[in-house]
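Participant: Sequence and predicted structure, then a few things I'm wondering about:
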Amino acid sequence: MALLAPLVGTFYHEPRLLWVTRLVATGFLFNGAGVQHSALLQREMRFTALAVIDILSLIVSTAIAIGAALAGYGYWALVAMTISLPLTGTVGLWLATSWVPGMPHRQIGIRKIMRFGSTVTVTSLLLYLAFNLDKVLLGRFWGSEVIGIYGRAYQLIRIPTDSLNTTVGEVAFSALSRVQGDPGRLRAYFLRGYSLVLALTLPITVACGLFADDVVAVLLGPKWKAAAQIFRLLAPTILVFAISNPLGWLLTSLGMVGRGLKIALVLAPLMIAGYAFGLSAGAKGVALAYSATMLLWIIPIVAWAVHGTGISFRDIIRVVSRPLASIAGAAGITFAARLFYGQRLAVLPRLVLESAVLLGIYFALLLFVAGQKTLFLDLIRGWKGTSPTEPKSLVVPV
């Protein structure tokens, strides 16, 4: 990345990116120094330690960025945050684990692990390209203002996916890997976790779509009003990621990483073609193309991913249909209520009220009409340490 920095500056016609790119590139080194320690903590299911490290590193890096901004360093404040986040995280990971890397040795049976890891790495790189090239293209052809608005809306829309799916994914991968030899328990664990992720994600998706103007006004302020339309257009991606991301946990825990790579090889060109199609219309066109492309490929990708895993496509449809029907009813009622009270309230009280109405109606329909009450009661019992259907040690991870 340091060697390619001049090309980055030339691509965007921005010479200041030369040293920005070179400094930000050190984040790769810091992340690489801690990834093995993170894997060890995840394998040991020490998720509390991982959560504390993530939170503390975010607080420290944010404080550094704010301090640099107040001191007048401008965009270098963002560079400082980008570098300090992986650095402080890696320091925390090293302190939390007792393992210190030693000298490398030959003949330790790493070849199989390297094949597995390299496949996962290539898949991750392809997906990273597929889901980030939109910002590269907008920055190149529409300039900094457009990419700033689009990027802020994109970052905001990714919060539910990054916080919920990433957190649950770490736990689910470890739990599913431990029961991969027992198809019955694997199926039960996966579908339970899948139901939970969808149940929590759907109301967030609808809230972002219905209340986009209020969400942006409260979280970003009136200066970012133009980001609201982009935010609304990107809202469906929350649902698609909620449906598709757990399939990655399933395939990886079963060792079926080759299929994940094939899916990425099909998915990446489709996403890039969508961006190219919408690029002429600017940020709105790219956002619409992003969401539309994801919605179009989700059904065939799900069918392909679950084939031969012990999880049927019918299982996925059954899990998705109940919360989907519940949120549709809740959205209709909430939208009608919103039309009634309209602009009578200030932005913040209105957002709180409409969110409370949506959540209240949604969970009432989900628990008592769609029949999901037993699922959530089982989960609560599992967190307390007992469950009528599974032993304590089997319920807590998922």
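Facilitator: That came through fine. Numbers count the residues shown, from 1 in each chain.

Participant: mind listing the helices for the stretch 201-350 of the chain?
Facilitator: Per DSSP state H, counting those that start in this stretch, the stretch 201-350 of the chain carries helices over the ranges 212-219, 227-234, 236-253, 257-278, 282-306, 313-341, 347-368.

Participant: of all these, which lies closest to Arg187?
Facilitator: Closest approach to Arg187 among the helices of the stretch 201-350 of the chain is made by helix 313-341 (7.5 Å; C-beta to C-beta). Any C-beta I mention is one placed from the backbone N, CA and C, and that applies to glycine too.

Participant: Just the buried positions in that closest one, please.
Facilitator: With burial defined by 16 or more other C-beta atoms under 10 Å, the residues of helix 313-341 counted as buried are 315-316, 319-320, 322-323, 326-327, 329-331, 334, 338.

Participant: can you check stretch 287-303 too?
Facilitator: Neighbour-count burial for stretch 287-303, counted by 16+ other C-beta under 10 Å, picks out 287-291, 293-294, 297-298, 301-302.

Participant: separation between Arg232 and Pro203?
Facilitator: Here the distance between Arg232 and Pro203 works out to 16 Å (C-beta to C-beta, to the nearest Å).

Participant: How about Phe141?
Facilitator: Counting by C-beta to C-beta - Phe141 and Pro203 are separated by 36 Å.

Participant: who has more neighbours, those two?
Facilitator: For Phe141 and Pro203, the more surrounded residue by other C-beta atoms under 10 Å is Pro203, and the numbers stand at 23 against 12.

Participant: Tell me how many other residues crowd Leu95.
Facilitator: Applying other C-beta under 10 Å, we find 11 other residues in the vicinity of Leu95.

Participant: same check, this time on Pro349
Facilitator: Residues lying near Pro349 (other C-beta under 10 Å) number 10.

Participant: Which pLDDT does the model give it?
Facilitator: Pro349 carries a pLDDT value of 87.

Participant: can you check Gly342 too?
Facilitator: 63.

Participant: for Gly382, same thing?
Facilitator: You'll see Gly382 listed with a pLDDT of 64.

Participant: got it, and the one 3 residues further on?
Facilitator: Model confidence at Gly385, given as pLDDT, is 58.

Participant: what do you get for Val146?
Facilitator: Val146 carries a pLDDT score of 90 in this model.

Participant: and if you look at Val206?
Facilitator: What the model reports as pLDDT for Val206 is 88.

Participant: Which residues are in contact with the closest residue to it other than its chain neighbours?
Facilitator: Across the structure, with C-beta to C-beta, 6 or more residues apart in numbering as the measure, the residue nearest Val206 apart from its sequence neighbours is Ala331 (4.9 Å). Applying C-beta atoms under 8 Å, 6 or more residues apart in numbering to Ala331 gives the contacts 206, 210, 358.

Participant: Any stretches of the protein with poor pLDDT?
Facilitator: Judged by pLDDT under 70, the chain has its weakly predicted residues at 342-343, 379-398.

Participant: 80 instead, please
Facilitator: Applying pLDDT under 80 to the chain flags the ranges 104-110, 160-175, 339-345, 370-398.

Participant: ok, back up a step: which one of the helices of the stretch 201-350 of the chain lies closest to Glu145?
Facilitator: Relative to Glu145, the nearest member of the helices of the stretch 201-350 of the chain by C-beta to C-beta is helix 282-306, separated by 9.6 Å.

Participant: Just want the angle from that closest one to helix 236-253.
Facilitator: Computed with axes from the mean of the first three to the mean of the last three C-alpha atoms, to 10 degrees, the direction of helix 282-306 lies at 30 degrees from that of helix 236-253.

Participant: before we move on, the earlier item: can you tell me which of the contacts of Ala331 lies nearest to Gly89?
Facilitator: Distance to Gly89, by C-beta to C-beta, is smallest for Val206 among the contacts of Ala331, at 32.9 Å.

Participant: All the helices of the stretch 1-150 of the chain, residue numbers only.
Facilitator: Using DSSP H, counting those that start in this stretch, helices in the stretch 1-150 of the chain cover 5-12, 17-24, 26-43, 47-70, 76-96, 111-130, 133-142, 144-160.

Participant: Could I get those in CSV, plus columns for distance to Ala226?
Facilitator: Putting the helices of the stretch 1-150 of the chain into CSV (distance: least, C-beta to C-beta, whole Å) gives the following:
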stretch, distance to Ala226
helix 5-12, 21
helix 17-24, 24
helix 26-43, 30
helix 47-70, 22
helix 76-96, 20
helix 111-130, 26
helix 133-142, 13
helix 144-160, 5
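
Participant: nearest to Val168, of the ones you listed?
Facilitator: Comparing the helices of the stretch 1-150 of the chain against Val168 with C-beta to C-beta, the closest turns out to be helix 47-70 (10.2 Å).

Participant: Let me see the residues that make contact with the closest one.
Facilitator: Surrounding helix 47-70, the residues in contact under the criterion C-beta under 8 Å, 6+ apart are 38, 41-42, 76-78, 80-81, 84-86, 88-89, 92-93, 96, 167, 170-171.

Participant: All set now, cheers.
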